[in-house]
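I would like the atomic coordinates for the input below:
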Amino acid sequence: MNYPASHSVRRCYEFGPFQLNTLARLLLHEGREVPLTPKLFDTLLLLVEHCGEVVEREDFIRAVWPDTYVEEGNLSTNIYALRKALGDDRRCSPYIATVPRRGYRFTAMVRRANDTRETRNSPPVRTIAVLPFKPLGCAAAESHLELGLADALITRLSNFRQIIVRPTSAVRRFSGLDFDPVQVGQELDADAVVDGSLQCAGQRLRATAQLISVSERVPLWAAQFDEQLSDPFTVEDAISERMVEALKRNFLSERPQFAF
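Numbers count the residues shown, from 1 in each chain. Below you'll find the model as predicted:
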């Protein structure tokens, strides 16, 4: 297989909690930048663009180091640094698999999407509804987080004057229900909805959220956030703050009227 140097027509790739912005040449983890050298970025982009396929060592060298003589040790060093940046566990390596005597394969599921700040032909998002988070395996003791986290996120998003956020009173009745977020968004006359879920494992809480376009029925943004279960208000504040920071960087192009 012969790969040219990576020039993606896509603006953004998403896998797990990561977003790879090809135009800005940024790797984001839950909205926070993961520092990568240019060669590391090119190596990751080549893997992601051909996810599920084996990328031969020769093709890596041809695409990432064009017109330059390098040893295969340079590629191994790059892959090691890239795995470290992605948080790959050496025992299970969920993102990059080694194919002995051939090369490497990107094993995570990749979603191809436009960068939401530069999406063309998409209706503007002026009204957002934050729905109660759905519990997935959380104990009844944590059920208050379903609406509590939504309320905390509504409060923070309400500081943005360029959007209208539906109040908690409008979404409260959907708590604990298995609803279709697009239908709820239509009922609430919202351009987009934040649909999320909560998972608990021991003292760990994982919140997963996505911003869904009601008219196009597609996710505009998605991320997941982990916190230790402690005081519920601390958890709600920490996760909602991180979600808003991620939305500010990946979706909301204007600055808020108030600082958080």
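
Quick check: V244 vs A129, distance?
To A129, V244 is 15 Å away according to C-beta to C-beta, to the nearest Å. Bear in mind the C-beta positions are built from the backbone N, C-alpha and C, glycine included.

I meant V171, not that one.
In terms of C-beta to C-beta, V171 sits 6 Å off from A129.

Tell me which of those two has more neighbours.
When neighbours are counted by other C-beta atoms under 10 Å, V171 and A129 differ, and A129 comes out ahead with 27 against 23.

Checking my notes, that one in a strand, right?
Yes. Under DSSP: H, G, I helix; E, B strand; the rest coil, A129 falls within a strand.

quick one: contacts for it?
165-166, 170-171, 184-185, 188, 190, 192-194 (C-beta atoms under 8 Å, 6 or more residues apart in numbering).

go again using 10 Å as the cut-off
150, 154, 164-167, 170-171, 174, 181, 184-185, 187-195, 212, 214 (C-beta atoms under 10 Å, 6 or more residues apart in numbering).

Q183: neighbour count?
The tally of other residues near Q183 (other C-beta under 10 Å) stands at 11.

circling back to that earlier point, hey, what's in contact with both of V171 and A129?
With C-beta under 10 Å, 6+ apart, V171 and A129 have common neighbours 150, 154, 184, 188, 190, 193-194.

which one of these is nearest A201?
Distance to A201 across the shared contacts of V171 and A129 (C-beta to C-beta) is lowest for A150, with 21.3 Å.

Looks to me like that closest one is in a helix.
Yes. Assessed with three-state DSSP, A150 lies in a helix.

Show me where the stretch 151-260 of the chain has its helices.
168-171, 181-187, 232-250 (DSSP state H, counting those that start in this stretch).

worst average pLDDT in those?
Of all those, the minimum mean pLDDT falls on helix 232-250 (a mean of 80).

So which other helices or strands are in contact with that one?
For helix 232-250, the packing partners by 3 or more C-beta pairs under 10 Å, 6 or more residues apart in numbering; DSSP states H and E come out as strand 18-21, strand 26-29, strand 32-33, strand 127-130, helix 144-157, strand 192-201, strand 204-213, strand 218-228.

Off-centre distance for the first one?
Looking back up the chat, that one is strand 18-21. Distance of strand 18-21 from the chain centroid (C-alpha atoms, centre = their mean, to the nearest Å) equals 7 Å.
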